[in-house]
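Enquirer: Structure of the sequence below:
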Amino acid sequence: MTGLALIDPTCCYYYISQELAPGGYAWVFPKGEGKANVGLGVQADMAARPALDYLVRFIEGQPHLAQGSPVTLVVGGVPVALPPERLVTDGCTLVGDAARQIDPLTGGGITNAMTAGQYAAEVAARAIEAGDTSAGKLAEYEERWAATLGRKMARNYRLKERFEPAQRASKDFGRLFAVAAGM
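Expert: Residues are numbered from 1 along each chain as shown. Below is the predicted model:
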């Protein structure tokens, strides 16, 4: 969006509400000069309406956004599923959406992708330096991911599968998730 005079360019904004974005969140990422990436994600099994309806309602409900004008519309799905069996093969590593490194409860993945990208880059740099980009050499990335954020994503996937959408939308589940996530 453009024409957003009241956006602090040094702050990213996140809005979490089941009414606003069921099973997800809305965001405003300033891009300077009165521009921002404004969007939201919802879990399809928790949404009563199309995601675009939630986005329009979010923008109209925020005076500092309602004054702006949309520039482009980007839509798509996020792969909220178990990761592939392998994240590496000879000469290749999967990271981010390609590796399904999305939090199954929130749909968030930017931080996960950046962390995985760092792990992959560090391992790939050593592999290239050693002249060995085999799956065996790149497996360290897969192991680091599994031992850290991969473990958390697996837990959150189990929670998502265990509880029905209505249960996940409850305040009690939100509190349980916050405690489990260490928030």
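
Enquirer: only C-alpha atoms for contact and neighbour calcs from this point on.
Expert: Noted.

Enquirer: so where's the chain shaky on pLDDT?
Expert: Residues of the chain meeting the criterion pLDDT under 70: 174-183.

Enquirer: Can you pull up the most central residue in it?
Expert: By CA atoms, centre = their mean, the chain has its centre lying nearest to G108, at 1.8 Å.

Enquirer: For it, give me its contacts.
Expert: 24, 102 (CA atoms under 8 Å, 6 or more residues apart in numbering).

Enquirer: for it, helix, strand, or coil?
Expert: Classification of G108 by DSSP: H, G, I helix; E, B strand; the rest coil places it in coil.

Enquirer: what does L6 give?
Expert: Using three-state DSSP, the structure places L6 in coil.

Enquirer: Tell me which helix or strand the closest residue to it other than its chain neighbours sits in.
Expert: Nearest non-adjacent residue to L6, counting by CA to CA, 6 or more residues apart in numbering: H64, 5.9 Å away. H64 belongs to helix 63-66 when assigned by DSSP states H and E.

Enquirer: mind listing the strands for this structure?
Expert: Here the chain has its strands, by DSSP state E, at 13-15, 25-32, 35-41, 88-89, 92-93.

Enquirer: List the neighbouring strands of the last one plus their orientation.
Expert: Strand 92-93 has its sheet partners listed here by DSSP bridges as strand 88-89 (antiparallel).

Enquirer: Walk me through the domains of this structure.
Expert: Segmentation of the chain into domains, based on automatic domain parsing, reads 13-66, 88-181.

Enquirer: Dump those into a markdown table; add distance to L82 as well.
Expert: Output for these, formatted as a markdown table (distance: least, CA to CA, whole Å):
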| stretch | distance to L82 |
| --- | --- |
| domain 13-66 | 15 |
| domain 88-181 | 7 |
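
Enquirer: Out of those, which is closest to V78?
Expert: Nearest of the domains of the chain to V78, taken as CA to CA: domain 88-181 at 7.0 Å.

Enquirer: And the closest one, how far out from the chain middle?
Expert: Here domain 88-181 is found 11 Å from its chain centre; the criterion is CA atoms, centre = their mean, to the nearest Å.

Enquirer: for stretch 5-22, same thing?
Expert: With CA atoms, centre = their mean as the basis, stretch 5-22 stands 15 Å off its chain's centre.

Enquirer: Stretch 25-37 too?
Expert: Using CA atoms, centre = their mean, the offset of stretch 25-37 from its chain centre is 16 Å.

Enquirer: For that stretch, list every residue counted as buried.
Expert: By neighbour count on 16 or more other CA atoms under 10 Å, the buried set for stretch 25-37 is 25-31, 34-36.

Enquirer: give me the number of residues near R162?
Expert: Per other CA atoms under 10 Å, the neighbour tally for R162 reads 11.

Enquirer: how about the nearest residue to V28, chain neighbours excluded?
Expert: Leaving out its chain neighbours, the residue that sits closest to V28 by CA to CA, 6+ apart is V38, at 4.5 Å.
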